[in-house]
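can you look at this prediction? I've put the sequence above it.
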Amino acid sequence: ASDIPGDFDHVLYTEEQVASRIREVAAQIDADYAGREILMVGVLNGAVMTMADLCRAMTSHMSMDWMAVSSYGAGTKSSGVVRILKDLTKDIDGRDILIVEDIIDTGLTLSYLVQNLRSRNPNSIEIMAMFRKPEVVTCPLDVKYVGFDIPNEFVVGYGLDYADKYRNLTDVATLAPHVYKS
Ligand code: PRP
Ligand code: MN
Ligand code: MG
């Protein structure tokens with residue numbers, strides 16, 4: 001969808017800007033992994049769009065797996081505990097892992113995931129996140145590939161949701177306050 005009328009404040013990145021940045025990052029990944037096969041691990045649900053576009057912009061050999069996680073407790077992410085809802089389907093021993101995420105907010109999800117995957121003895125682990133909010137990141141994370149650093153605004157689209165909606169917006173836009181203030 002290119003618009004869901006009335007619900008957005010302003011567009012941060014257009015579909016074309018996102019696609020163009022994806023191509024740049026894909027080229028960087030191809031160069032870095034030349035001759036190696038990448039196991040791309042997407043984090044459901046937000047990473048679906050980034051994964052679909054990034055892997056198709058790459059020429060490296062790759063395979064794909066998915067995890068679903070949830071912060072533990074009463075809905076906030078401040079508890080510091082992440083629960084695995086769906087685990088990888090295959091062993092990652094000796095593999096070169098590229099975790100694919102739509103966004104890094106606090107960094108809690110990814111710092112847990114990296115720690116968890118590291119214990120399974122892969123050859124390497126790197127992170128690609130399409131968006132990152134540097135003002136919000138509290139967990140130290142080594143992120144090799146970032147699409148865009150963005151301000152701390154409520155953004156939706158390209159996989160990013162508000163109450164599970166708006167993931168299908170092809171642009172990335174800020175949500176109009178009337179949508180989340182009632
Ligand atoms: C969002 C986003 C990241 C995570 C980032 O996922 O997709 O996975 O939160 O937040 P953090 O850096 O503070 O951990 P969410 O839990 O909303 O699930 P979703 O991907 O299904 O939307
Ligand atoms: Mn997510
Ligand atoms: Mg979400």
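Alright, I've got the coordinates. Ligands and ions are numbered 1, 2, ... in the order given.

please look at Ile92 and Arg120 and confirm they touch.
Yes - Ile92 lies in contact with Arg120 (Cβ atoms under 8 Å); the separation is 5.1 Å. Placement of C-beta: from N, CA and C, glycine included.

contact residues of the protein facing ligand 1?
43-46, 77, 101-109, 161 (Cβ under 6 Å from any ligand atom).

of the residues you listed, just the buried ones, ChimeraX syntax please.
Buried subset of the residues of the chain next to ligand 1, written as a ChimeraX selection, criterion 16 or more other Cβ atoms under 10 Å:
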select :43,46,77,101,102,103,104,105,106,107,108,109
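
any idea which of the residues of the chain next to ligand 1 is the one closest to Glu126?
Comparing the residues of the chain next to ligand 1 against Glu126 with Cβ to Cβ picks out Glu101 as the nearest, at 11.5 Å.

which pLDDT value goes with that closest one?
At Glu101 the predicted local distance difference test score is 98.

what's the lowest-pLDDT member of the residues of the chain next to ligand 1?
Comparing pLDDT over these, Lys77 scores lowest. The value there is 54.

Leu39: neighbour count?
Around Leu39 there are 19 other residues, counting by other Cβ atoms under 10 Å.
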